[in-house]
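1. could you work out the structure for the sequence below:
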Amino acid sequence: MQLEALDSSAFSARRARLLDALGTTAALIAAGRPSPRQYRANTFPFRAASHFLYLVGQHLPDAWLVLDAGDATLFVEAPAADDELWHGPTPGLSDLGRALGCDVMPLSALPARLAGRAVATLPAIDAPTRARQAELLGRPVQAGALDTPEDARLADAMIALRLRHDAAAIASLRRAARATARAHEAGMRATRPDVAEHTVRAAMQGALLELGMGVSYEPIITVHGEVLHAHGHGHVMREGDLLLADVGAETPDGWAGDVTRTWPVGRRFSATQRDAYELVLAANRAATAAVAPGVRYRDVHLTACRVLAEGLVSLGILRGDPDELVADGVHALFFPHGVGHLLGLDVHDMEDLGDRAGYAPGRTRSSQFGLSYLRLDRDLQPGMAVTIEPGFYVVPAILRDPTLSAAAGDRLVRAALERFADVRGIRIEDDVLVTETGHDVLTSDIPSSVADVEACRA
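-> Reported below is the predicted structural model:
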């Protein structure tokens, strides 16, 4: 086991703030356990659960953090006699305690510590860890559920802490953004006609590996940008195609970047591709400009929607009043998802807690197509990090669906849309930090204007 060289004081401060918020409520936070690929000893790379990582900062398999009566205690498996043979020097419990700035005890002592107690927890994503949570606590622990008032209190306290990033978190987000920029620039340079998409993936992930990092989610690198979560990379890129690349770095301590760029497989955009691209870029910039403390994120989304609706009217694809088109959800035929989400240790930060994290108390999701996919509806605060990712997609499944297209009626000009046959999907995404006075685009160094993208492609 190799420990990351991190400042333990930041994690000690986070634990202290959580303990203060919990008061007399005790809490159990799980790191999770490695998942086997084919047999027990052949596992997928282990990444600790994000709530645990936020408070401890290390990827410690099958570790458990107990917060109780003002103290934090970590329970871990004591090193086996032959660990050093297979894994090299392994820190003992006292070494871990010194490195992490908290008490560390053997895992065998955990059941006695919890026996007969009412202890809060957050349900793990993986079923084996949830089963162990239930065993330790002597009660059901269900996926996606907060089974006791104490669990709900813990969830709300964790959300309050993680919504606004501290200085250490912001430094890690900036590091992830810099690495993500390197990956996208490598991808732009590696793109060429008549090779497969996985050539670009190799270049982008290779750039991250050179920095000692991985990806924060499965990359989307595709000439079929109209498929929002296209994870295959076997299509051959052709002259005249657009390549959509949605790739983000993950730092060794787990913080995420999340960026999408779209560029021509050849050296230049066609005229129709340029028109559509500049429309998406205008929506990106308008929505980004709206990010500031006190602004409702739903309004940031609607800002992007209005710009897209205005542009689609200008291009002749839609007709009518842009505000009415947005109110009726007609723009969602071409922009069916939300403008972004929280960003942090999870690429969709705290999405394991669902809309409890993403939506402010008293706010619920819309039932309107498009707006219903908005992942975040909170008032922005300094220290929050969000993505801004409008897009324009020509999705046959949407356009031929009579129910989805009914709202448009004769306001959708299909003949005009046919001119854009060489545009399947365009998305432009940036990572944005809310500051005291406005915002800071963490990924502004990645080419986004037509001129800069074409210069990089040349």
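2. so this structure: which segments form each domain?
-> Annotated domains of the chain cover 8-163, 167-457 [automatic domain parsing].
3. export those to TSV and tack on mean pLDDT and mean neighbour count?
-> Using the backbone N, CA and C atoms, a C-beta is placed for each residue, glycine as well. Below are the domains of the chain laid out as TSV (pLDDT from 0 to 100; neighbours: other Cβ atoms under 10 Å):
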stretch	mean pLDDT	mean neighbour count
domain 8-163	94	17
domain 167-457	97	19
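4. next, give phi and psi for the residue nearest the centre of the chain.
-> Central residue of the chain (Cα atoms, centre = their mean): V347, 1.6 Å from the mean position. When quoted as degrees, to the nearest 10, the phi and psi of V347 stand at phi -60, psi -40.
5. was I right to think it contacts P219?
-> No: contact status for V347 versus P219: not in contact, 11.4 Å apart, counting by Cβ atoms under 8 Å.
6. and L281, that's in a strand?
-> No: counting by DSSP: H, G, I helix; E, B strand; the rest coil, L281 is not found in a strand; it is helix.
7. report the distance from stretch 214-222 to the chain centre.
-> Remark: stretch 214-222 is offset 11 Å from the chain centroid, using Cα atoms, centre = their mean, to the nearest Å.
8. no no, stretch 188-206
-> On Cα atoms, centre = their mean, the centre of stretch 188-206 falls 23 Å from that of its chain.
9. residues making contact with that stretch?
-> The contact list for stretch 188-206, computed with Cβ atoms under 8 Å, 6 or more residues apart in numbering, reads 183-184, 186-187, 214-215, 219, 221-223, 232-239, 241, 243, 245, 247, 261, 263, 265-266, 447, 453, 456-457.
10. extract the CA atoms of it and return them as CSV.
-> Output in CSV follows, covering the C-alpha atoms of stretch 188-206 (Å, rounded to 0.1, in the frame of the first residue of the first chain):
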residue,chain,number,x,y,z
MET,A,188,-6.8,17.2,-31.2
ARG,A,189,-3.2,16.5,-32.4
ALA,A,190,-3.9,12.8,-32.8
THR,A,191,-7.0,13.1,-34.8
ARG,A,192,-6.8,12.3,-38.5
PRO,A,193,-9.0,10.8,-41.2
ASP,A,194,-9.2,7.0,-41.8
VAL,A,195,-8.1,5.9,-38.4
ALA,A,196,-10.3,4.7,-35.5
GLU,A,197,-11.6,6.7,-32.6
HIS,A,198,-9.6,4.6,-30.2
THR,A,199,-6.4,6.1,-31.6
VAL,A,200,-7.6,9.4,-30.1
ARG,A,201,-8.6,7.8,-26.9
ALA,A,202,-5.1,6.3,-26.6
ALA,A,203,-3.5,9.7,-27.1
MET,A,204,-5.8,11.4,-24.5
GLN,A,205,-5.4,8.7,-21.8
GLY,A,206,-1.7,8.4,-22.5
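11. helices of the stretch 101-250 of the chain, start to end?
-> With DSSP state H, counting those that start in this stretch as the criterion, the stretch 101-250 of the chain has helices at 110-114, 127-137, 149-163, 167-190, 197-210.
12. cool, the stretch 351-458 of the chain as well?
-> Going by DSSP H, counting those that start in this stretch, the stretch 351-458 of the chain shows helices at 355-358, 396-399, 402-405, 414-417, 450-457.
13. for those, give me CSV that also has distance to R306.
-> CSV is the format used below for the helices of the stretch 351-458 of the chain (distance: least, Cβ to Cβ, whole Å):
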stretch, distance to R306
helix 355-358, 22
helix 396-399, 20
helix 402-405, 20
helix 414-417, 20
helix 450-457, 22
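14. out of those helices, the one nearest S12 is which?
-> helix 355-358 (23.9 Å; Cβ to Cβ).
15. quick one: contacts of the closest one?
-> By Cβ under 8 Å, 6+ apart, helix 355-358 touches 146, 155-156, 159, 163, 341-342, 349-351, 364-365, 375-378.
16. tell me the spacing between H229 and Y277.
-> According to Cβ to Cβ, to the nearest Å, H229 and Y277 sit 21 Å apart.
17. out of the helices of the stretch 101-250 of the chain, which comes closest to A286?
-> helix 167-190 (21.1 Å).
18. how far off helix 197-210 does the closest one point, in degrees?
-> Inter-element angle recorded for helix 167-190 and helix 197-210: 140 degrees (by axes from the mean of the first three to the mean of the last three Cα atoms, to 10 degrees).
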